[in-house]
Every structure is written in structure tokens, then in C-alpha cells.
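Novice: Below are the sequence and a predicted model for it; my questions follow.
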Amino acid sequence: MTTLIVPKERELLLLWALSDLREPDNIMSALPAAAKEREIEQEILRAVKGIRYGSVEIVIHDSQVVQIERKEKLRLDKPATAR
């Protein structure tokens with residue numbers, strides 16, 4: 001028997017559609033605890049990936065991650081003649 005593995009984003013969209021949730025953020029409440037933790041870890045990794053200059057802030061309330069903020073800075077090199 002072959003097991004089909006559904007990509008995470010597709011799985012979340014399916015959960016949202018099947019549970020008739022009004023807000024996409026409420027998908028997290030429909031997931032089992034292990035899946036919630038895995039999704040939070042993946043979101044943090046996505047926020048960090050690819051930043052050359054900047055920061056990622058993780059906001060926690062009552063031991064739960066409630067917000068992830070990504071601030072990225074674009075550094076422009078000064079032209080050699082302007083120095």
C-alpha cells in the first residue's frame with residue numbers, strides 16, 4: 001500500500017476548506033499539537049531564510065508563539081565617486 005504525503009500548504013488549505021473556518025489563522029486551532037509545533041517551526045525557518053540584513057522577532061504569550069515578525073533591511077552600496 002502506498003502512502004500519499006500531502007504538502008503542508010495544501011494540507012492547511014484543505015483543513016480550512018473542510019472546517020469552514022472564517023479566518024485562515026484559525027487553522028492552527030484545528031491542527032493537532034505536534035502539527036502546530038511543526039508548522040510554527042517551519043514559519044520561523046521561512047522567516048529567517050534568505051535574510052542578509054535584518055531581524056526576526058518571535059512574540060510569545062502564555063508560552064505560545066502568537067506572532068512572527070520579519071524585518072529586512074536593504075543595504076545599498078554607495079557609488080565609488082560619492083565617497
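Specialist: All right, it came through fine.

Novice: Please, where are all the strands along this structure?
Specialist: All strands of the chain, identified by DSSP state E, fall at 54-61, 64-72.

Novice: a markdown table for those strands, including mean neighbour count and mean pLDDT?
Specialist: Where you see a C-beta, it was placed from the backbone N, CA and C, and this is true even at glycine. Shown next, in a markdown table, are those (neighbours: other CB atoms under 10 Å; pLDDT from 0 to 100):
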| stretch | mean neighbour count | mean pLDDT |
| --- | --- | --- |
| strand 54-61 | 12 | 94 |
| strand 64-72 | 12 | 93 |
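
Novice: Can you say which of the ones you listed is nearest to Ala33?
Specialist: Smallest distance to Ala33 across the strands of the chain (CB to CB): 11.0 Å, for strand 64-72.

Novice: Would you format the strands of the chain as a markdown table with distance to Glu39 included?
Specialist: Below are the strands of the chain laid out as a markdown table (distance: least, CB to CB, whole Å):
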| stretch | distance to Glu39 |
| --- | --- |
| strand 54-61 | 14 |
| strand 64-72 | 10 |
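
Novice: Those strands: which one's closest to Arg46?
Specialist: strand 64-72 (8.7 Å).

Novice: Residues contacting that closest one, please?
Specialist: By CB atoms under 8 Å, 6 or more residues apart in numbering, the residues outside strand 64-72 that reach it are 40, 43-44, 47, 51-60.

Novice: one step back: can you say which of the strands of the chain is nearest to Ala34?
Specialist: strand 64-72 (14.6 Å).

Novice: Would you tell me which helix is longest in this protein?
Specialist: helix 33-48 (DSSP state H).
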